[in-house]
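1. sequence-free structure coming up:
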């Protein structure tokens, strides 16, 4: 269960009546809308990513690219446009401080094992600690939903979503099966 | 009234809670809300009572407890299980084999958050005494009350509508038995038959819902009963949700099976002849008739005098959704007038979080927080494609309004429909998990 009460209920030193005055939306208020899809205790999947414990930089980067249209989206492009950069920073900070909630998904173990080697060789310089941390704006991938990651990889490999150069250099030498194995490995990290 | 109502009452008889088990006989004398027959007498602990365990009520109850566990929360709900209206059109269109993926119970939610469940029908609210009275005459007192009862039907405006109508012409606008009944009728209909759907003027629950339904019925007819057709009689003068997307889907996929007719307000029904009448003059006869009546706030909200001058919906403030009519009573979800927010499950979900946040702040004498809410509605247009509308809402010049230059509908070129169909299923799974855990 999330412990929000302390942060939401900052003690009031102002004696305004409630209906006349309210503080601008807090991180909690701003993220309420996200949780219906992305889950309060992590996403229940399978195609919407868990944001709990995601890195702030990755969330801010994603939201800004959704906002500008650089990253392809279904609803997120339309939603992200409603928030200011300051609000996006608050939201990213909120999710980055949430507890890690490992997903429960049925995964092919042999595939995950094969993916472990490939991930170590190709991805581990940016997706650190078996994907539990991300360098700069590289996202946390550990325990992320496989269908979500597969959709993103499809967008990358069909040039609908732009890869960072370093990632593109690696991905071009990997087959679809190898990429799937890598994603299965990350999905399986607890 | 309808089958729903009678079944709810029947169910109620078998669903007395531990707290109510001590009640002796039928306490008809105790209907005047008061003290003599109070259950769960309130001690020193502050108490929030939530009426209704749907998309709004579950989340409100959960968040009040998450935000301040010193507040006792009692949720009063008629049924032990809740069937989601969102996605019930999938079942009607034959895309789900049963309603299990749409059904939640309250056990985990209650256990995880220490919410006290009472399974009963609320018949009265006394805003002065701060009590609610249940079907058996027993009452429960509150410090603050959250009312989230969904919608009721204005069947008295429809000539010929009686107790039997919804059994023969199901509305299926509250999910459960009505959903199953409509599906059975569609399955039983001979090929070559006509389905007549009738939808009311705005506002009503789930603006895109009737258009999704007609699409999925047409999809079923096209694949299983190709000589049949469905006619949608829309009381509105145009498609009122996701219009460019639905009209494109209809002309692209269903031009042989679907007829959309705007400005057809049904004022009379005759379930004996399966006929609906538009403005008292033009008859439409169906082999299956899905008549969705005009709507207003849930019965208890009307009975408690929470509706505004329009007599249909409950005016609330934009801070904590507190009623503008009765103090310490908050109204969320379909029953409330929440500015530009549509009457949808997702709206109720985010309204509940805003309500809980600021209700707890008010109870604790703390600062309230300005509203920020979100609505995303997916609609299926076939068995593998969906479309969506999304918006973020804030208070602008005193009213809940969509943030300018954001939100909107899916691309009209249908480039996202296959992904959105997948995301829609995830949406259901996630939001029902949030409500039930």
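-> It's in. Remember, predicted model here, so these are calculated numbers, not experimental data.
2. tally up the residues packed near residue B:163, please.
-> As a burial measure, residue B:163 scores 12 neighbours (other CB atoms under 10 Å in any protein chain shown). In short, each C-beta sits where N, CA and C put it, glycine included.
3. do residue A:163 as well
-> A count of nearby residues for residue A:163, using other CB under 10 Å, gives 16.
4. which residue, neighbours along the chain excluded, lies closest to residue 152?
-> Unless you meant another one, I'm taking chain A. Nearest non-adjacent residue to residue A:152, counting by CB to CB, 6 or more residues apart in numbering or on different chains: residue A:161, 6.7 Å away.
5. I was after chain B.
-> In space, and not counting its chain neighbours, residue B:152 is closest to residue B:299: 4.6 Å by CB to CB, 6+ apart.
6. how near is the one you found to chain A?
-> 27 Å (CB to the nearest CB, to the nearest Å).
7. show me where the chain has its helices.
-> Answering for chain A, as no chain was given. Along chain A, counting by DSSP state H, helices occupy A:5-8, A:27-38, A:56-68, A:76-80, A:85-96, A:109-122, A:128-131, A:146-157, A:165-171, A:176-188.
8. actually it's chain B I care about, not the one you picked
-> B:3-13, B:57-67, B:88-92, B:107-113, B:165-168, B:177-188, B:209-224, B:243-253, B:299-303, B:345-363, B:417-436.
9. the fifth one: which residues count as buried?
-> Buried residues in helix B:165-168, defined by neighbour count with 16 or more other CB atoms under 10 Å in any protein chain shown: B:165, B:166, B:168.
10. quick check: bridge partners of the residue in chain B positioned nearest to chain A?
-> In chain B, the residue that lies nearest chain A is residue B:374 (2.7 Å; CB to the nearest CB). Going by DSSP bridges, residue B:374 is paired in beta bridges with residue B:392.
11. that one contacts residue A:33, doesn't it?
-> Yes - using CB atoms under 8 Å, residue B:374 makes contact with residue A:33 at a distance of 2.7 Å.
12. what touches both of those two?
-> Common contacts of residue B:374 and residue A:33, defined by CB atoms under 8 Å, 6 or more residues apart in numbering or on different chains, comprise A:79, B:350, B:392.
13. how far away is the last one from residue A:32?
-> Separation of residue B:392 from residue A:32 (CB to CB, to the nearest Å): 11 Å.
14. count the neighbours of residue A:174 for me.
-> Neighbours of residue A:174 using other CB under 10 Å come to 18.
15. hmm, I was thinking of residue B:280
-> 10.
16. ok, now which ones touch the residue positioned nearest the centre of chain B?
-> Nearest residue to the geometric centre of chain B (CA atoms, centre = their mean): residue B:150, 4.4 Å. Listed by CB under 8 Å, 6+ apart, the contact set of residue B:150 reads B:52, B:54, B:174, B:205, B:298, B:333, B:334, B:335.
17. pretty sure the fourth one sits against residue B:334.
-> This points to residue B:205. Yes - with contact defined as CB under 8 Å, residue B:205 reaches residue B:334; the gap is 5.0 Å.
18. for stretch A:133-145, which outside residues touch it?
-> A:43, A:45-50, A:53-55, A:57-58, A:60-62, A:100, A:102-103, A:105, A:125-132, A:149, A:164, A:186-190.
19. and stretch B:156-165, by the same measure?
-> Against stretch B:156-165 from outside (CB under 8 Å, 6+ apart): B:1-2, B:155, B:266-271, B:277, B:280, B:291, B:293-294.
20. again, only using 10 Å
-> Defining contact as CB atoms under 10 Å, 6 or more residues apart in numbering or on different chains, one finds that stretch B:156-165 is touched by B:1-3, B:5-6, B:153-155, B:168-169, B:171, B:198, B:200, B:266-272, B:275-277, B:280, B:289, B:291, B:293-294, B:296.
21. the residue of chain A found nearest chain B - how many residues pack around it?
-> Taking CB to the nearest CB as the measure, the point where chain A comes nearest chain B is residue A:33, at 2.7 Å. A count of nearby residues for residue A:33, using other CB under 10 Å, gives 27.
22. what's the pLDDT at it?
-> Looking at residue A:33, its pLDDT reads 94.
23. kindly report the same for residue A:8.
-> Listed pLDDT for residue A:8 reads 44.
24. can you pull up the most central residue in chain A?
-> When CA atoms, centre = their mean is applied to chain A, the residue found nearest the centroid is residue A:51 (4.5 Å).
25. residues near the residue nearest to residue B:312 when sequence neighbours are not counted, how many?
-> Among residues not flanking residue B:312 along the chain, residue B:296 sits closest, at 3.7 Å (CB to CB, 6+ apart). Neighbours of residue B:296 under the rule other CB under 10 Å: 23.
26. look up the residues forming beta bridges with residue B:296.
-> Taking DSSP bridges as the rule, residue B:296 bridges to residue B:152.
27. residues contacting it?
-> Listed by CB under 10 Å, 6+ apart, the contact partners of residue B:296 are B:151-154, B:157, B:203-204, B:302, B:307, B:310-314, B:334-335.
28. about what we covered before: buried by neighbour count, from the contacts of stretch B:156-165: which ones?
-> The buried subset of those - by 16+ other CB under 10 Å - is B:2-3, B:153, B:155, B:168-169, B:171, B:198, B:200, B:266, B:268-271, B:275-277, B:289, B:291, B:293-294, B:296.
29. restricted to strands, list the residues you listed.
-> Using DSSP state E, the members of the buried ones among the contacts of stretch B:156-165 that fall in strands are B:153, B:198, B:266, B:268, B:269, B:270, B:275, B:276, B:277, B:289, B:291, B:296.
30. need those residues in JSON lines with distance to residue A:113, can you?
-> Converted to JSON lines, these look like this (distance: CB to CB, whole Å):
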{"residue": "B:153", "distance to residue A:113": "58"}
{"residue": "B:198", "distance to residue A:113": "58"}
{"residue": "B:266", "distance to residue A:113": "62"}
{"residue": "B:268", "distance to residue A:113": "68"}
{"residue": "B:269", "distance to residue A:113": "64"}
{"residue": "B:270", "distance to residue A:113": "67"}
{"residue": "B:275", "distance to residue A:113": "66"}
{"residue": "B:276", "distance to residue A:113": "62"}
{"residue": "B:277", "distance to residue A:113": "68"}
{"residue": "B:289", "distance to residue A:113": "58"}
{"residue": "B:291", "distance to residue A:113": "58"}
{"residue": "B:296", "distance to residue A:113": "59"}
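31. thanks a lot, catch you later.
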